[in-house]
Structure formats: C-alpha cells, structure tokens
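J.: output the structure for:
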Amino acid sequence: MAHLTIAAYLLAFASPGLALPEVTQDYWIILTGSKEQRQTEKLLAALMKRWPARVELRSGYPKVEKSDGKKGLNPGFFIALAGACTKREDAMAVQNVLRKTFPGVYVRGVTRYLPGVIPECPRLAIDSAAPRAKPKVPKRYTLEAEGPAAKNGLQWKIYVAKRRCGSDVIVQLLDAKGALVDERREDAHCVQGDPTVGDLGESKVWRAYLEHEKDSPITYVMFTYEQWASDTGCNGGVALCPTPDGIAEETLDGVCNCSSYEPRENETHCQ
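T.: Have a look, this model is predicted:
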C-alpha cells in the first residue's frame, strides 16, 4: 500500500460505507437500556435518585447512546452509560461498586476508531466509613514530590511510573498519621494509528505537581493532561484540593491546539 498523507488518508475513509481503522477497545459501563430513548431516559432518572456517593462521574456522564453501529453491542437499543474505561479492570471495579445498588449494571467491550476522544473512567472515591489504611503504591512507581497540604496535618504524595508516551500518575492525600485519606490515579494512554500513516494516532499524558494557593496556607495539586487525536492537541485537567474528608476537584479550563497546560494568573481553587 502506497504511503498516504494524513489528509488523503482521512479523506479516503470519509467515503460512505467505510470506517476508520479499528485501533483499540474501550469498556463501557452500562446502567440500563431499552428500545425507546424516552423509556431509557426515565429508567436512568430513577437510578440517579439512588446514585452511590463512592462513584464520581466524569463530565458528560451519565448519558444515553444508541447502540447502532457500535461493534460489541447489539443494535436497536438506547443504553444509559455511567462512563467508559480504557482498561477492563477499571471498568469492572466500578461495576462491582455500582452493583451493590444497581444489580443490573454490566460492562461491554466496544471498539473505538480513530480519530476520537479518549474516554475517562468514573472515579471510585475511598469509602469514608471504612478504617483508613496505610497507602499502597505499585512497585514500578517512584516518589516524585511530597509536602504538607494544609496546617491540619494533611500531606500530599505524588508517584509516577514512566511510560512510552508519558507517565502513569498517582496522587495521594494522607492524614497526620500517614494513613490514606483519598487518592487519584490516571494512566498515560498511547495508541498507534495505521502504520503507513506515521502521525495518525492518539495519546493522553498526565502531569501532577504541587502549587501554593495564593494568600492561603493550602497547597494543592495541579493535575493536568495533554491529549492528541490525529493532528489536534488539547490540554486541561483539575486542581486537587485537600479536605479532611478527601480530595475536592475543580475543573481547569483547557484549550486546544497548544502545548502543556499553563496556569492562569491570579487563579484560586481551594479557598
């Protein structure tokens, strides 16, 4: 096959009846579904009235999707999604928590095509009713930064594990005794596109670092990402704020077609 430019390659796949190349599989967390969109929306609204606090949904979720054209799903349904994960074990962990409240929740692998948006898995908050345990960190991670989060004895620790396109990151909030209060984990995501088109692919890489809140004793974590799909790049992230009950998050306003996230002047996040 002759080498194609990116523009020609994408134009070729824009023809009717042709799909972009399959590159990976995501794992959808499906709450409920039916043949009618309005019925699925009613079922979802009823579920959301009993939503468990441990499962923190990402921006844009829950949402209703048609199953038509999705490889891995039966056509003809409207399904309600709690989120999508790039790793099956992450999706299953969310499913296991949700099933304590909603027994019918299930996970399905769904093929994703390029270019596209890399999904963000729902986050599982630590059970505040459970006794606090000493933090656990996988062996391949190394301590990148640490420091006091506030005057009440809370501490931050940031661990990273190097990957081909970036780093996997774990941010932990510890109490004065070193027990885990809460944590946030994100993995770098690297996908190769068609081998004949060198620049076609997508990735999402994370970076975390400590920042001092202006005119405040609080230290927060800037947890930012850069993401590329085809020839488009965007950045964004969250500010992680320390509280005695866990990490509070504030979404950062990202932009596209630029490099790493740059904090805006005179921003406050944890006041």
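J.: backbone phi and psi for L98, please?
T.: Torsion angles at L98 (phi, psi; degrees, to the nearest 10) stand at phi -60, psi -30.
J.: name the helix or strand for G147, please.
T.: Secondary structure from DSSP states H and E places G147 in strand 142-148.
J.: ok, D215 next?
T.: Per DSSP H and E, D215 falls between elements, in no helix or strand.
J.: picking up where we left off before, the strand holding G147 pairs with which strands?
T.: Here strand 142-148 has these sheet partners by DSSP bridges: strand 155-162 (antiparallel).
J.: circling back: what's in contact with the strand holding G147?
T.: Contact with strand 142-148 is made by L154, Q155, W156, K157, I158, Y159, V160, A161, A208, Y209, L210, T219, as judged by Cβ atoms under 8 Å, 6 or more residues apart in numbering. The C-beta positions use only the backbone N, C-alpha and C, and glycine is treated the same way.
J.: what are the buried residues along it?
T.: Buried residues in strand 142-148, counted by 16 or more other Cβ atoms under 10 Å: E144, P148.
J.: which of the contacts of strand 142-148 lies closest to H189?
T.: Proximity of those to H189 (Cβ to Cβ) peaks at A161, which lies at 13.5 Å.
J.: against T243, how distant is the closest one?
T.: 27 Å (Cβ to Cβ, to the nearest Å).
J.: name the residues of the one helix or strand Q39 maps to that are buried.
T.: According to DSSP H and E, Q39 maps onto helix 37-48. Of all the residues in helix 37-48, those buried under the rule 16+ other Cβ under 10 Å are T40, L43, L44, L47.
J.: and if you look at stretch 69-76?
T.: Across stretch 69-76, burial judged by 16+ other Cβ under 10 Å covers K70, L73.
J.: need the distance between the two termini of it.
T.: Counting by Cα to Cα, to the nearest Å, you get 10 Å between the two ends of stretch 69-76.
J.: mean confidence for that stretch?
T.: Here stretch 69-76 scores 89 as its mean pLDDT.
J.: tell me the centre residue of this structure?
T.: E120 (2.7 Å; Cα atoms, centre = their mean).
J.: domain map for this structure?
T.: Domain assignment for the chain by automatic domain parsing gives 19-113, 137-252.
J.: the one helix or strand W28 maps to to helix 37-48, inter-axis angle?
T.: Using DSSP H and E, W28 falls within strand 22-34. Relative orientation of strand 22-34 and helix 37-48, computed by axes from the mean of the first three to the mean of the last three Cα atoms, to 10 degrees: 80 degrees.
J.: closest one of the contacts of strand 142-148 to E36?
T.: Among the contacts of strand 142-148, and counting by Cβ to Cβ, the member closest to E36 is A208, at 43.6 Å.
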